[in-house]
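# sequence and predicted model, in that order:
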Amino acid sequence: MKFSELVRLLEENDFRIVKEKGFIRYYGKLGWHNLVRVDYHGSKEVPKGTCHAILKDAGIKK
């Protein structure tokens, strides 16, 4: 999965950018107590473990 696809998946699940600093983006949504951190690198592939950790933090099952 690429970073752009991961971000699209987060946005489809109602996550929105809360803050951004350089390549680091924090996503949140109403009713979700944690921010989800994504080190965004566009069209590069997300390492498998990183992808699983981000999806787990967001509560998304893929």
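Received it, and whenever you're ready, just let me know what you need.
# tell me where the chain has strands.
With DSSP state E as the criterion, the chain has strands at 16-21, 24-28, 36-39.
# does residue 39 touch residue 21 like I think?
No - using Cβ atoms under 8 Å, residue 39 makes no contact with residue 21, being 10.7 Å away. The C-beta positions use only the backbone N, C-alpha and C, and glycine is treated the same way.
# among these two, which residue is more densely surrounded?
A count of neighbours by other Cβ atoms under 10 Å puts residue 39 above the other of residue 39 and residue 21, at 12 against 7.
# so what's the more buried one up against?
When contacts are counted by Cβ atoms under 8 Å, 6 or more residues apart in numbering, residue 39 touches 23-25.
# pull out the buried members of the residues you listed.
Buried by 16 or more other Cβ atoms under 10 Å: residue 25, out of the contacts of residue 39.
# which of the contacts of residue 39 sits closest to residue 58?
Closest to residue 58 out of the contacts of residue 39 is residue 25 (12.6 Å), distances taken as Cβ to Cβ.
# dump the residue contacts of that closest one.
7, 17, 19, 37-40.
# ends of stretch 53-62, what's the gap?
By Cα to Cα, to the nearest Å, the extent of stretch 53-62 from end to end equals 12 Å.
# which residues does stretch 52-62 contact?
6, 9-10, 13, 15, 27, 32, 34, 36-38, 46.
# re the thing from before, want to throw the strands of the chain into a markdown table with mean pLDDT?
Formatted as a markdown table, the strands of the chain follow (pLDDT from 0 to 100):
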| stretch | mean pLDDT |
| --- | --- |
| strand 16-21 | 95 |
| strand 24-28 | 96 |
| strand 36-39 | 94 |
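# in TSV, list those strands along with distance to residue 50.
Converted to TSV, the strands of the chain look like this (distance: least, Cβ to Cβ, whole Å):
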stretch	distance to residue 50
strand 16-21	18
strand 24-28	13
strand 36-39	8
